[in-house]
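Novice: Give me the fold of what follows.
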Amino acid sequence: MSRNFHVRQAAVSALRAWAKGHDYAETLVERHAQRRKLSSADRALLQAILLGVLRHRRLIDFWIGKLRDGKLDPDTRDILRVGLCQLFILGLPDHAAVHETVEVGKANVRGLINAVLRRAIVAKKRLQQDAGEESPTIQFSHPDWLYNRWRQAFGKADTIALMEWNNQPAETFARINPLRHGTPEIPGEPLENAPGFFKLTGSLPMELLASGSVYIQDPATRHSVELLDPKPGERILDACAAPGGKSFLIAAATGTADLLTCTDSNEKRLPRLRENLERLGCAPRDVAVHDWTQPAPADWHGAFDAILLDVPCSNSGVIRRRVDVRWRLQTQHIDALLVTQRKILENALPCLKPGGRIVYSTCSIEAEENAEQIERFLADHPEFKLTASRQILPFRDGTDGAYAARLETSA
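Specialist: Numbers count the residues shown, from 1 in each chain. Predicted coordinates:
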């Protein structure tokens with residue numbers, strides 16, 4: 001079998017595992033690439049196919065329905081999804097896409113797969129026209145409930161722009177590390193409104209990453225830290241810190257991590273957090289596991305000048321990067337998250353010094369998790385005031401979605 005066959009086989013296997021809810025797409029790419037010892041180029045193709053199918057899943061299934069009457073078993077459907085993604089989404093050469101994909105199927109279905117894919121090539125223009133007459137949820141492959149929710153919040157035109165944004169491969173951004181000496185040469189373009197950030201245009205600068213001279217980070221992450229406005233000499237808590245991107249920005253702003261405490265609810269994430277921050281030259285004073293839905297340890301009470309709460313959220317602002325979100329998220333998940341977010345806020349309050357400040361942040365674009373969550377909190381805590389907030393929207397701001405709110409107490 002050719003190496004290209006192994007890429008297609010890996011894509012189908014990863015789709016099967018994903019459908020069973022075992023892992024996130026990015027994890028499956030890594031696992032299947034390692035299992036089959038794929039080259040970097042083949043790994044990139046595997047990722048493009050798997051993420052392409054998941055981004056355009058509903059549209060691809062619409063085309064399958066046009067090409068094939070009757071039921072399909074899950075394996076055959078996944079093989080057709082992989083084939084149509086290559087032909088219609090990625091624009092790969094017809095022969096390679098068909099031949100290598102057909103070979104993935106069992107002997108008794110290869111004829112069917114071959115016939116459907118070759119029919120798709122002949123009918124490509126008509127199939128694309130048919131899709132253009134369907135609802136936006138099929139054209140742009142989003143669940144009906146999410147489209148209707150966003151349409152009510154943002155209007156139809158911006159919702160379609162958001163869905164189009166979500167379906168594009170995510171750009172890669174890097175932040176220069178000011179804690180390292182020298183000015184590295186970055187293969188990319190500096191961002192005008194985000195000092196220190198670059199949009200990468202070439203391959204990943206592996207040597208710069210390994211040395212800690214740069215860190216891969218979306219510019220949307222900066223907003224919460226800018227509102228936190230950390231100062232040298234302040235004791236600061238990053239309560240939901242892993243994998244460390246915002247901790248790095250805090251240390252970069254103050255020049256040190258000596259007074260920084262980082263916590264995370266999952267102990268398994270702490271080694272990566274430590275490793276990232278050590279590589280960046282900003283190993284924090286304290287790293288600890290703590291679930292902030294539970295009360296804080298007594299020795300943290302009244303200890304911090306500033307607290308960053310980057311709380312668990314729906315991730316609806318980062319669907320471009322986390323392609324699973326649109327299919328896994330449900331309204332009841334958001335309802336449960338609202339309770340978790342409020343618990344984290346409440347349990348962080350005793351840890352503030354008098355006159356201290358909290359920045360609450362998410363990577364969500366849902367009002368319930370953001371402005372409305374803060375409104376409810378302020379109604380119950382008149383001792384706090386909202387002094388600044390930012391809502392970042394992908395279709396408007398050209399980055400991941402994010403929200404940040406700065407809450408301050410009187411001294």
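
Novice: Now the terminal residues of stretch 353-373, how far apart.
Specialist: Start and end residues of stretch 353-373 are separated by 23 Å (Cα to Cα, to the nearest Å).

Novice: Mind listing what's buried along it?
Specialist: By 16 or more other Cβ atoms under 10 Å, the buried positions in stretch 353-373 come out as 353, 356-366, 368-370, 373. C-betas here are computed from N, CA, C, even on glycine.

Novice: any idea of the mean pLDDT in it?
Specialist: Across stretch 353-373, pLDDT averages out at 97.

Novice: and it, how far from the chain's centre?
Specialist: Relative to the chain's own centre, stretch 353-373 is displaced by 19 Å; criterion: Cα atoms, centre = their mean, to the nearest Å.

Novice: And stretch 140-152, by the same measure?
Specialist: 18 Å.

Novice: Mind listing what's buried along it?
Specialist: For stretch 140-152, a neighbour-count test (16+ other Cβ under 10 Å) marks Phe140, Ser141, His142, Leu146, Tyr147, Arg149, Trp150, Arg151 as buried.

Novice: Serialize these to TSV and add fields for secondary structure.
Specialist: Formatted as TSV, those follow (DSSP: H, G, I helix; E, B strand; the rest coil):
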residue	secondary structure
Phe140	coil
Ser141	coil
His142	coil
Leu146	helix
Tyr147	helix
Arg149	helix
Trp150	helix
Arg151	helix
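
Novice: quick one: which of these is nearest Leu38?
Specialist: Leu38 lies nearest to Ser141 out of these, by Cβ to Cβ, at 26.2 Å.

Novice: Now for that closest one: which residues touch it?
Specialist: Residues in contact with Ser141, defined by Cβ atoms under 8 Å, 6 or more residues apart in numbering, are Arg55, His56, Arg57, Arg58, Leu59, Ile60, Met163, Asn167, Arg326.

Novice: give me the element the residue of the chain most remote from its centre is part of.
Specialist: Distance from the C-alpha centroid of the chain peaks at Asn108, with 39.1 Å (Cα atoms, centre = their mean). Following DSSP states H and E, there is no helix or strand that holds Asn108.

Novice: how close does it sit to Asp75?
Specialist: Asn108 sits 11 Å away from Asp75, going by Cβ to Cβ, to the nearest Å.

Novice: Now the buried residues of stretch 140-152 in JSON lines, please, with extra columns for distance to Arg180 and pLDDT.
Specialist: Below are these laid out as JSON lines (distance: Cβ to Cβ, whole Å; pLDDT from 0 to 100):
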{"residue": "Phe140", "distance to Arg180": "41", "pLDDT": "98"}
{"residue": "Ser141", "distance to Arg180": "41", "pLDDT": "98"}
{"residue": "His142", "distance to Arg180": "41", "pLDDT": "98"}
{"residue": "Leu146", "distance to Arg180": "41", "pLDDT": "98"}
{"residue": "Tyr147", "distance to Arg180": "44", "pLDDT": "98"}
{"residue": "Arg149", "distance to Arg180": "43", "pLDDT": "98"}
{"residue": "Trp150", "distance to Arg180": "41", "pLDDT": "98"}
{"residue": "Arg151", "distance to Arg180": "46", "pLDDT": "98"}
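
Novice: wait, which of these is closest to Leu227?
Specialist: Closest to Leu227, out of all of the buried residues of stretch 140-152 and judged by Cβ to Cβ, is Trp150, at 25.0 Å.

Novice: my guess is the closest one contacts Thr159, does it?
Specialist: Yes: using Cβ atoms under 8 Å, Trp150 makes contact with Thr159 at a distance of 4.3 Å.

Novice: can I assume Cys262 sits in a strand?
Specialist: Yes: assessed with three-state DSSP, Cys262 lies in a strand.
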